[in-house]
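Student: any chance you can model this:
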Amino acid sequence: MLCACVLFAGCSAVRNGDEAYGTEVGGVFYVFADMDPSPSVNKSYIFVNEGDVYPGPGNSTHSYVTVIDTSTAQIIARVSVSPLPVHIYAVNPTREVWTHSDTDGTFDVIAIADVAVGNLTATSVPDLVREGGHGKLLLDTDLYPKSYATNVNEQWLNQLNLVERTRTASYDLSTIIPACTGTHSIVYSNISQHAYVECVDGGIFEWNTVNDTLVHYFANITGYLTASLGNDWILASNSETNLVTLLLPQANGVQAEVAYSVSVEGNPQHPVFYSNSSDFTTTSGLQAYTIFFSLADDTNIANLATGLDVTSASYMNAPGDCVYDNTTAITDESMGLTLASTGSTVQTPQCGACAPGFDPFDASAFNASLSGMRYVTLANIQSNASQGLLGNTTFIPAGAMVPSAAASTGANQCSFGELYRTGKRGGPFIAQPADIPTASVYFIDASSARGPEVYGSVNTSTSPSTISWVPLDVPELLTQVLGAA
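Tutor: Here you go, the predicted structure:
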């Protein structure tokens, strides 16, 4: 793990945290490289899941959570946790950090008070797991101390008590929503008092947290779920179809309105909401949001060379896809499709992750100007909808990411692995990582009078991936390499 921090000066701010504190103006962006795990922040510390797995006693394995002191920007501790932790959450009311193991499927809990005394240990939540797998935890102050946990390999929705660290109920989705065999992203709206849950097979469902019943299953809406800052919008972002659906929460017990759809070309990732307002308590009117999408599309020149003009907006809809032999029977579940051939000649030998520039990496094989970030205003979405049109996004060139070859033995030949590119709001800025033209972080000024635009960029270590925001009074802009953990 390698980390750098970028400091932005602004008006007075309290050192508070990350997701819930993006409206704070002055602060620090922490950039983490070569890792997928998500940092989580409380008032004084950043807790970072390390992705490496280490051998333990017998046949056991474990990983570590690294702790950074935000007052000194120094790594001060590591604590052993269950193997392969990915998502991590600061539960500030209990002064705890919960981290989820993708191997065991359980949550390990770290008491923040133990950091100061130097006696860090992690305790697993008992009787939680039926199957190991990737999962998430739903946190919302209006729902606290109740919470819900998801797991991509379990056909259950688990209800938790964060104070007691216990599973209080489980709901068998095989009898409620048979088509939903596992769950992933989950968000909450205090307007409806409903949770919204993504199914791994496609579709999302709306869950009444007051009486724990199904409100509605949206079979035809798929994507990663995000709630707006005021809980007044739920977004489902489908990176495969480049379609984003906006749901409008209603009263408790009433299913959400499927309000709008937006086409966001370029493999849109998790959206970031921006609003000049810091008051998200009113439900009398909708916030004037601007929604930003980091793009993770492939900009390799060979994959774009399909007879289209690569500067054309339509190129993303018809990339140089691999052609596979779909007539070949797959007898082994661990074997994906192979490239199609005409006689002994492979039809698309340099497609996808087999294109030049991937291995070994060559930045000149990519066109960074074709990727970056897109944004759309809620006003634009609503205005276009009144004319029967989709919302129009605006493109900002802000570097590109390099997809990797699929690591799974069941993947198709030359196919890509998972690629995540997430933006992070800090005050008026939206920060996002880039590999091309160089490893760096781009900063979009969302408050510019000319409209959102690139404020600048800062070079980082190789493969920047995850960004956290820590509100903090700072004197100037600088970068600092902390080193490896």
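Student: can you count the residues close to residue 451?
Tutor: 13 (other CB atoms under 10 Å). Every C-beta, even on glycine, is put in place using the N, C-alpha and C of the backbone.
Student: SS state for it?
Tutor: coil (DSSP: H, G, I helix; E, B strand; the rest coil).
Student: so what's it up against?
Tutor: residue 394 (CB atoms under 8 Å, 6 or more residues apart in numbering).
Student: how close does it get to residue 149?
Tutor: Separation of residue 451 from residue 149 (CB to CB, to the nearest Å): 40 Å.
Student: if residue 434 is in a bridge, with which residues?
Tutor: Beta-bridge partners for residue 434, by DSSP bridges, are residue 440.
Student: ok, now which ones touch it?
Tutor: Contacts of residue 434 (CB under 8 Å, 6+ apart): 368, 398-401, 440-442, 457, 464.
Student: repeat that for 7 Å
Tutor: Residue 434 makes contact with 398-401, 440, 442 under the criterion CB atoms under 7 Å, 6 or more residues apart in numbering.
Student: just checking, residue 381 touches residue 262?
Tutor: Yes. Using CB atoms under 7 Å, residue 381 is in contact with residue 262, at 6.0 Å.
Student: let's see which of the contacts of residue 434 end up in strands.
Tutor: Residues of the contacts of residue 434 located in strands (DSSP state E): 440, 442.
Student: closest one to residue 74 out of the contacts of residue 434, please.
Tutor: Proximity of the contacts of residue 434 to residue 74 (CB to CB) peaks at residue 440, which lies at 23.6 Å.
Student: top helix in this structure by residue count?
Tutor: Identified as the longest helix of the chain according to DSSP state H is helix 378-385.
Student: can you mark which positions in that helix are buried?
Tutor: 378, 380-381, 384-385 (16 or more other CB atoms under 10 Å).
Student: which of these sits closest to residue 418?
Tutor: Once CB to CB is applied, the member of the buried residues of helix 378-385 that ends up nearest residue 418 is residue 381, at 28.2 Å.
Student: ok, that closest one - contacts?
Tutor: Contact analysis of residue 381 by CB under 7 Å, 6+ apart lists 246, 260, 262, 391.
Student: burial count for the third one?
Tutor: Summarising burial for residue 262: neighbours were counted as other CB under 10 Å, giving 25.
Student: also the one 10 residues further on?
Tutor: The number of residues packed around residue 272, counting by other CB under 10 Å, is 24.
Student: repeat for residue 362
Tutor: 11.
Student: show me what contacts the residue lying closest to it once chain neighbours are set aside?
Tutor: Spatial nearest neighbour of residue 362, chain neighbours left out: residue 356 (6.8 Å); criterion: CB to CB, 6 or more residues apart in numbering. The contact partners of residue 356, by CB under 7 Å, 6+ apart, come to 302, 350, 362, 365.
Student: quick revisit: looking at the buried residues of helix 378-385, which is nearest residue 26?
Tutor: residue 378 (26.8 Å).
Student: ok, the closest one touching residue 273?
Tutor: No. The pair residue 378 / residue 273 is not scored as a contact, 9.4 Å apart, by CB under 7 Å.
Student: can you list residues touching both of those two?
Tutor: residue 289.
Student: give me the pLDDT value at residue 420.
Tutor: pLDDT, residue 420: 82.
Student: correction: the previous question concerned residue 83.
Tutor: 92.
Student: against residue 94, how distant is it?
Tutor: Distance, residue 83 to residue 94, using CB to CB: 24 Å.
Student: more neighbours: those two, which one.
Tutor: Shown here are residue 83 and residue 94; by other CB under 10 Å, residue 83 has more neighbours (20 against 17).
Student: contacts only, for the more buried one.
Tutor: 53, 61-63, 101, 103-104.
Student: could you do residue 108 as well?
Tutor: Residue 108 neighbours (CB under 7 Å, 6+ apart): 81-82, 99, 101, 122-124.
Student: so in terms of bridging, what pairs with it?
Tutor: Taking DSSP bridges as the rule, residue 108 bridges to residue 99, residue 124.
Student: hang on, the earlier thing: if any of the contacts of residue 356 are buried, give me the ChimeraX selection for them.
Tutor: Remark: buried members of these, expressed as a ChimeraX selection using 16+ other CB under 10 Å:
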select :302,350,365
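Student: which pair of the contacts of residue 356 spans the longest distance?
Tutor: 350 and 362 (13.0 Å).
Student: want to throw the contacts of residue 434 into a markdown table with neighbour count and distance to residue 202?
Tutor: Shown next, in a markdown table, are the contacts of residue 434 (neighbours: other CB atoms under 10 Å; distance: CB to CB, whole Å):
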| residue | neighbour count | distance to residue 202 |
| --- | --- | --- |
| 398 | 27 | 30 |
| 399 | 26 | 31 |
| 400 | 26 | 28 |
| 401 | 27 | 25 |
| 440 | 20 | 35 |
| 442 | 23 | 32 |
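Student: mind putting the contacts of residue 434 in a markdown table, pLDDT and distance to residue 206 included?
Tutor: What follows is the contacts of residue 434, written out as a markdown table (pLDDT from 0 to 100; distance: CB to CB, whole Å):
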| residue | pLDDT | distance to residue 206 |
| --- | --- | --- |
| 398 | 97 | 34 |
| 399 | 96 | 36 |
| 400 | 96 | 36 |
| 401 | 93 | 32 |
| 440 | 95 | 40 |
| 442 | 97 | 35 |
